[in-house]
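Peer 1: just the structure for this:
(chains A and B)
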Amino acid sequence: MSIDLANQIVTGILTGLVYSLMALGLSVIFGVVRVVNFAHGEMTALAMYAAWALATWLDLDPLLGMPLIALVMFGCGYLLQRGLIDSFIAKPEHMQFILLVSLAIIMVNGSLLAFGPDAHGVQVSYGFDTYEMGPLLVDKVRLLAAAASLAFSLALMVFFRRSKTGKAIRACADNLVGARVIGLDVRRLYAVTFGIGTACVGAAGALLSMLIDVMPPTGPELTLLAFIIVIVGGLGSMTGALLGGVLIGVSEVLAGYFLMPSMKSMFSFAILIVVLVARPQGLLGGRK
Amino acid sequence: MRRRIALLALLSAFVLAPLAAGPYLLSVLVVVMYMAYLGQAWNIMMGFAGQLSLGHSLYGGLGAYVTAALFVNWGVPAVLGLPAGIAVAVAAGAVVGALGFRFGVKGVYFALLTIAFAEFTRVLFEHIPSLGGTGGLFLPVGSRDGVDLLRLRGHPLMFYYLILAMAVGAFLLCRRLLACRIGYQWLAVREDQEAAQALGINVFRAKLAAVMLSAGLTAAGGVFFAFYYNTLFPTQAFGMGRSIDIILAPIVGGLGTLFGPILGALILTPLGELITWGTEALGFKAAGLKQLCYGLSLLAIVKFLPDGVWPWLRRRIGFDPADDEEEGT
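Peer 2: Got it, this is the predicted structure:
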């Protein structure tokens, strides 16, 4: 195996870890609220624009902007669930789909109005630094972004395992009737969960802004990417989302290396079709 | 009786419309009928059989590309290319349906499977240079005056009456289907699949029939699109945006009803045009504003009329749902 290929694979793993964080948000929302967030990538794109705006106007490094964006996105997600999505939870899937698609249309075109059709990317001062690890060359930005993403994901897992709110949210996912019986405020917990999902998106978007450029069509592309990752990993499984992100990250660079970079999404969709047919619950999803 | 009269009045209004309409209004009416037709086709799968397809652009795109490629490369007239396009789309529908239904891919997962196939095909077609790739496939524009139905070349008026006939045909076909054995089987599957199976309905076959029929009708719509606009791009023919366009009319109009797709198309297309006109009249020329308003309107419609406009309107004007079609609830 050539060094070049090995470098590519490391790049894929590191980018994949950032994808994982974005997909984690989708997985958490679906696993608990049972709503498929068809505006997920569009929300990520908004977070990327926010990171770009902070970096350009306030000279704020996206790594430092990340907590701030995640916090604001948490609030947005909380209010969105409370004000709009909550009344659609009992409605059929296609109604939820149309609701979120109309939100997605609004976000894509709102960002087109605000930022125009051009690509925006954040160029940090250490953008071209690399670490030499044995024979490998690793981008500093990518490594930092992957580390931040992994830290955020792990913190979230600890939150769901240890904290009281986290346990209550898991209870809602496992047994909704039971959760109501013991007196949990399900509406509030759903809003918190949606907020956590959008916070993941906020953090992932801030990190992605250093790795890829954002323009209005980026949103729908990221939505599909997030879907592929969570289905491959298993909808509702947190470790599944992590694994799926890395897998898709690697498959993208391999498709780019062996075929053509523009064919990478075709490769990912082929993986999705195989997983849906052979193992619909995903690689790490449990049988329902 | 009142229903019959209303239907006839509506139909004659559409038949006579070109007398009063200029070229611009005619082009809007073509889009209305095209959306009504596609909505009707999609409704068979979702409204009747209860299978959510979010990748319907796959079938329209395949029909369009096959027929157009045959015409561009070998001069095969549309009338001969159409069956080929439909056959390819029906085969694709059979593959998607068979994989999904045989392996128990349900609900959201099935919807995502349909998206995956459509997106896969989109990227695939972007990498077929002989079909134009991302640069697009262009049909030679012939005379715009004559009427050549075999080759689908001619005056916009010909296209209007063609798509009107297709929409009326699809409406009548769906009406007929709902009164047939297969129609009742679809409704049974939609309402309760296990119960339908227990009654001895071959659920797999019923669902597969819905997908294949819906795919074939959608493909014919795609062929119309290709020959009317004379251009085909993978992003536009197979993209998510096209799939969303297809499903909006029946959902806004009223899912599972025969009038829903028509009413939905009659609302959405003029709404889009009105927003364009309004934003331009007010002096805004910003890109994205029109779509932004469209998204907001859509949001308002799903929020305030979640069952669609037709069930609400039907109650208002006092039509008895019993002699329309089945009820969605």
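Peer 1: for the rest of this, base every contact and every neighbour count on C-alpha atoms.
Peer 2: Fine.
Peer 1: find the residue closest to residue A:157 in space, skipping its chain neighbours.
Peer 2: residue A:238 (7.6 Å; C-alpha to C-alpha, 6 or more residues apart in numbering or on different chains).
Peer 1: burial of the one you found, as a residue count?
Peer 2: 27 (other C-alpha atoms under 10 Å in any protein chain shown).
Peer 1: ok, now which ones touch it?
Peer 2: Going by C-alpha atoms under 8 Å, 6 or more residues apart in numbering or on different chains, residue A:238 touches A:24, A:27, A:28, A:157.
Peer 1: show me where the chain has its strands.
Peer 2: In the absence of a named chain, this looks at chain A. Remark: strands assigned in chain A by DSSP state E are A:130-133, A:136-139.
Peer 1: right idea, wrong chain: chain B
Peer 2: B:137-138, B:147-148, B:153-154, B:231-232.
Peer 1: now mean neighbour count and distance to chain A too, for the ones you listed, in a markdown table please.
Peer 2: Shown next, in a markdown table, are the strands of chain B (neighbours: other C-alpha atoms under 10 Å in any protein chain shown; distance: least, C-alpha to the nearest C-alpha, whole Å):
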| stretch | mean neighbour count | distance to chain A |
| --- | --- | --- |
| strand B:137-138 | 20 | 19 |
| strand B:147-148 | 15 | 39 |
| strand B:153-154 | 21 | 34 |
| strand B:231-232 | 22 | 19 |
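Peer 1: to residue B:57, which of the ones you listed lies closest?
Peer 2: Nearest of those to residue B:57, taken as C-alpha to C-alpha: strand B:231-232 at 12.5 Å.
Peer 1: for stretch B:270-277, buried residues please.
Peer 2: By neighbour count on 16 or more other C-alpha atoms under 10 Å in any protein chain shown, the buried set for stretch B:270-277 is B:270, B:272, B:275, B:276.
Peer 1: check stretch A:81-98 too.
Peer 2: Those would be A:81, A:82, A:85, A:86, A:88, A:93, A:94, A:95, A:96, A:97, A:98, for stretch A:81-98 by 16+ other C-alpha under 10 Å.
Peer 1: which ones among the residues you listed also lie next to chain B?
Peer 2: Contacts with chain B within these, counted by C-alpha under 8 Å from any C-alpha of the partner chain: A:93, A:94, A:95, A:98.
Peer 1: can you read off the pLDDT for the second one?
Peer 2: On the pLDDT scale, residue A:94 is placed at 80.
Peer 1: select the longest helix from chain A.
Peer 2: If you go by DSSP state H, chain A has its longest helix at helix A:3-33.
Peer 1: now for that one, which elements pack on it?
Peer 2: Contact partners of helix A:3-33 among helices and strands, from 3 or more C-alpha pairs under 8 Å, 6 or more residues apart in numbering or on different chains; DSSP states H and E: strand A:136-139, helix A:140-162, helix A:164-174, helix A:186-211, helix A:218-233, helix A:238-258.
Peer 1: what's the neighbour count on residue 74?
Peer 2: By default, I'm working from chain A. For residue A:74, using other C-alpha under 10 Å, the count is 24.
Peer 1: my bad, chain B
Peer 2: Residue B:74 has 9 neighbours, counted by other C-alpha under 10 Å.
Peer 1: find the nearest non-adjacent residue to the residue in the stretch 51-200 of chain B that chain A sits nearest to, please.
Peer 2: The minimum distance from the stretch 51-200 of chain B to chain A, using C-alpha to the nearest C-alpha, falls at residue B:120 (5.0 Å). In space, residue B:120 comes closest to residue A:266 once its chain neighbours are excluded; the distance is 5.0 Å by C-alpha to C-alpha, 6+ apart.
Peer 1: just give the number of residues close to the one you found.
Peer 2: 20.
Peer 1: let me know the pLDDT of it.
Peer 2: On the pLDDT scale, residue A:266 is placed at 85.
Peer 1: for residue B:64, same thing?
Peer 2: Note on residue B:64: pLDDT of 95.
Peer 1: next up, the contacts around it.
Peer 2: B:85, B:219, B:220, B:222, B:223, B:224, B:225, B:226, B:232.
Peer 1: next one: residue A:267 from chain B, what distance?
Peer 2: Taking C-alpha to the nearest C-alpha, to the nearest Å as the measure, residue A:267 and chain B are separated by 8 Å.
Peer 1: quick check: mean pLDDT of stretch B:101-110?
Peer 2: Stretch B:101-110 shows a mean pLDDT of 82.
Peer 1: contacts for that stretch?
Peer 2: With C-alpha under 8 Å, 6+ apart as the contact definition, stretch B:101-110 has outside contacts at A:36, A:93, A:276-278, A:280, B:51-53, B:100, B:204, B:207-208.
Peer 1: picking that back up, redo the buried residues of stretch B:270-277 as TSV? Include pLDDT.
Peer 2: Below are these laid out as TSV (pLDDT from 0 to 100):
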residue	pLDDT
B:270	88
B:272	84
B:275	83
B:276	82
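Peer 1: and of these, the nearest to residue B:184?
Peer 2: Among those, residue B:270 lies closest to residue B:184 (C-alpha to C-alpha), at 34.3 Å.
Peer 1: what about the closest residue to the closest one other than its chain neighbours, neighbour count?
Peer 2: Nearest residue to residue B:270 in three dimensions, chain neighbours excluded: residue B:28, at 7.3 Å (C-alpha to C-alpha, 6+ apart). Here the number of neighbours of residue B:28 (other C-alpha under 10 Å) works out to 17.
Peer 1: could you check how far residue B:28 is from residue B:265?
Peer 2: 11 Å (C-alpha to C-alpha, to the nearest Å).
Peer 1: sorry, back to before: TSV for the helices and strands packed on helix A:3-33, including distance to residue B:312?
Peer 2: Listed next are these as TSV, based on distance: least, C-alpha to C-alpha, whole Å:
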stretch	distance to residue B:312
strand A:136-139	59
helix A:140-162	44
helix A:164-174	35
helix A:186-211	29
helix A:218-233	33
helix A:238-258	42
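Peer 1: need the pLDDT of residue B:86.
Peer 2: For residue B:86, the predicted pLDDT is 96.
Peer 1: in contact with the residue nearest the centre of chain B, which residues?
Peer 2: Central residue of chain B (C-alpha atoms, centre = their mean): residue B:38, 1.3 Å from the mean position. Residues in contact with residue B:38 (C-alpha under 8 Å, 6+ apart) are B:217, B:218, B:221, B:246.
Peer 1: name the nearest of the residues you listed relative to chain A.
Peer 2: Comparing these against chain A with C-alpha to the nearest C-alpha places residue B:246 closest, at 12.0 Å.
Peer 1: helices of the stretch 101-250 of chain B, residue ranges please.
Peer 2: B:107-126, B:156-178, B:181-191, B:193-198, B:203-229, B:234-238, B:240-253 (DSSP state H, counting those that start in this stretch).
Peer 1: make JSON lines out of these and add mean neighbour count.
Peer 2: Formatted as JSON lines, the helices of the stretch 101-250 of chain B follow (neighbours: other C-alpha atoms under 10 Å in any protein chain shown):
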{"stretch": "helix B:107-126", "mean neighbour count": "22"}
{"stretch": "helix B:156-178", "mean neighbour count": "18"}
{"stretch": "helix B:181-191", "mean neighbour count": "19"}
{"stretch": "helix B:193-198", "mean neighbour count": "14"}
{"stretch": "helix B:203-229", "mean neighbour count": "24"}
{"stretch": "helix B:234-238", "mean neighbour count": "23"}
{"stretch": "helix B:240-253", "mean neighbour count": "24"}
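Peer 1: got CSV for the ones you listed, with distance to residue A:270 too?
Peer 2: Below are the helices of the stretch 101-250 of chain B laid out as CSV (distance: least, C-alpha to C-alpha, whole Å):
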stretch, distance to residue A:270
helix B:107-126, 7
helix B:156-178, 33
helix B:181-191, 29
helix B:193-198, 29
helix B:203-229, 21
helix B:234-238, 16
helix B:240-253, 17
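Peer 1: what sits against the closest residue to chain B within the stretch 151-288 of chain A?
Peer 2: Using C-alpha to the nearest C-alpha, residue A:266 is the residue of the stretch 151-288 of chain A that sits closest to chain B, at 5.0 Å. With contact set as C-alpha under 8 Å, 6+ apart, residue A:266 has these partners: B:119, B:120, B:121, B:123, B:124.
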